[in-house]
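S.K.: Fold the stuff below for me.
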Amino acid sequence: QYVTLSHRWGDGEPSLHDIEDHTIYDMPVKGGFGKVQAFCRVALELDYLWAWSDTCCIDKHSSAEVQETIGSMFAWYRQSALTIVHLSDVPDTGSIGSSEWFRRGWTLQELLAPRTMLFYTRNWSLYKNLTSANHKEDAAVLAELARETRIEPRFLTDFSPGMDNARSRLQWASSRLTTRPEDIAYSLFGIFNVYLPVLYGESAAHALGRLLTEIVSQSGDISVLDW
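M.R.: From the prediction side, this is the model:
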């Protein structure tokens, strides 16, 4: 069993090469290193021995590994025992809805894929000090998630990747942003359960065009062309 981290990338995120052959707790507490250290401590406190973060558990210098990762990311979050969400811009007394986490492209599948999630605020306190083992099962949190994402609670708690409700799935992502333009399409591959080449350097329009072509081909739903 392992725990996954969902978060917004910031400055100084450690790479795989930064932490190879090092003990994470012996490294400087700065930038993303401190975040990974805190994540590992929380995972250990919850009795998990394995923790996975997208910042330092992928060799981003390997195009083959990046391709495999993008194709597998949804499954990795789905198969995790727990996903810990760190909202670095939400104070202990704040609301999760104010976080930029809800406006980033990759975090959509990181919300939909896990069956069990816990939200933590800036200082690594449980959101609203809720002691539930799964915030997706907390009625108040689930209502907040549905309100902020405009996704029905039934999809938040029991989401299946594929072509059902294809237009709605595209609309969930329509207001989200990604740092690399093509990622607005690549971040949806897992949600639609499609396997397409990752071609960084193509435009966002071209990447979305390939994705929409695949969706129409598999689903026959041409309404997705007007999402």
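
S.K.: Now for residue 177: which residues touch it?
M.R.: 103-105, 184 (Cβ atoms under 8 Å, 6 or more residues apart in numbering). Where you see a C-beta, it was placed from the backbone N, CA and C, and this is true even at glycine.

S.K.: Would you mind putting the residues you listed into TSV with distance to residue 27, secondary structure and pLDDT alongside?
M.R.: As requested, the contacts of residue 177 are exported to TSV (distance: Cβ to Cβ, whole Å; DSSP: H, G, I helix; E, B strand; the rest coil; pLDDT from 0 to 100):
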residue	distance to residue 27	secondary structure	pLDDT
103	30	helix	97
104	26	strand	97
105	29	coil	97
184	33	helix	96
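
S.K.: wait, which of these is closest to residue 144?
M.R.: When those are compared for distance to residue 144 (Cβ to Cβ), residue 103 wins out at 14.9 Å.

S.K.: any idea where the strands of the protein begin and end?
M.R.: Taking DSSP state E, the strands of the chain run over residues 3-7, 51-52, 82-86, 117-120.

S.K.: okay, these in CSV with distance to residue 215 and mean pLDDT next?
M.R.: Shown next, in CSV, are these (distance: least, Cβ to Cβ, whole Å; pLDDT from 0 to 100):
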stretch, distance to residue 215, mean pLDDT
strand 3-7, 25, 98
strand 51-52, 29, 96
strand 82-86, 26, 98
strand 117-120, 27, 98
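
S.K.: Buried ones in the worst-scoring helix or strand of the chain on mean pLDDT, by neighbour count?
M.R.: In the chain, no helix or strand scores lower on mean pLDDT, DSSP states H and E than helix 16-19, which sits at a mean of 89. By neighbour count on 16 or more other Cβ atoms under 10 Å, the buried set for helix 16-19 is 18-19.

S.K.: 246 is where my numbering starts, stick with that
M.R.: Right, with 246 as the first residue, what we last looked at is helix 261-264.
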